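Visitor: just need the structure, nothing else, for what follows:
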Amino acid sequence: MQSPASNTAATMPPPAAVRQIAQPKNCPALFFIAFPIGSEIPQSQNISPKIRRLRSWLRQHPDKKVIIEGHTDSYGPEEYNLLLSYRRAKAAEKILLEGGLAKKQLLVRALGEEQPVPGLPAKSRKNRVASIRVENPEECINNLINGDID
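Guide: Numbering: from 1, shown residues only. Down below sits the predicted model:
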């Protein structure tokens, strides 16, 4: 007869599968809103076509959410950078709201210098952005592949 512990172990998924479920890959950014050094005022950019496509897609998928993540480079104090990343994310949220997106579909996160844009070193000036991505990785990947969102 098996002990309760060994019986439970037999029904548990392997550790790699647990890690994969617990930490799903993030969907890549659909686009970025850039900011000058030390500022939460966006640089002049033409992102209107991307916002229109995203707005149209979200209307077709009202249960989906967009994650707005503020980033900074690693220059300056960590606490300052975290607050700056929040202000950048809120500025990006304002742009998306003005573009017709519904507030209930937007989630704002401040990542500061601790979580740079994937693939960039923390000191890169390219981290002075707010990234815009869809919450559900599978949905995002499918739509990127199918061309529904830029």
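
Visitor: give me the number of residues near Tyr86?
Guide: Tyr86 has 18 neighbouring residues, counting by other Cβ atoms under 10 Å. All C-beta atoms are positioned from the backbone trio N, CA, C, and that covers glycine.

Visitor: I figured it hits Ala110, correct?
Guide: Yes: applying Cβ atoms under 8 Å as the test, Tyr86 and Ala110 come out as touching, 3.6 Å apart.

Visitor: overlap in contacts of these two?
Guide: Residues within reach of Tyr86 and of Ala110 at once, by Cβ atoms under 8 Å, 6 or more residues apart in numbering, are Gly70.

Visitor: SS state for Leu83?
Guide: The three-state label given to Leu83 by DSSP: H, G, I helix; E, B strand; the rest coil is helix.

Visitor: so it sits right up against Ala110, yeah?
Guide: Yes: using Cβ under 8 Å, Leu83 is in contact with Ala110, at 7.5 Å.

Visitor: higher neighbour count, these two?
Guide: Neighbour comparison, Leu83 and Ala110: the larger count goes to Ala110, with 22 against 16 (by other Cβ under 10 Å).

Visitor: the more buried one and Lys50: what is the separation?
Guide: Distance, Ala110 to Lys50, using Cβ to Cβ, to the nearest Å: 22 Å.

Visitor: number of residues surrounding the nearest residue to Arg125 once chain neighbours are set aside?
Guide: The spatially closest residue to Arg125, leaving aside those adjacent along the chain, is Asp73, at 5.7 Å (Cβ to Cβ, 6 or more residues apart in numbering). Per other Cβ under 10 Å, the neighbour tally for Asp73 reads 23.

Visitor: quick one, strands of this structure?
Guide: All strands of the chain, identified by DSSP state E, fall at 31-34, 66-71, 106-112, 129-134.
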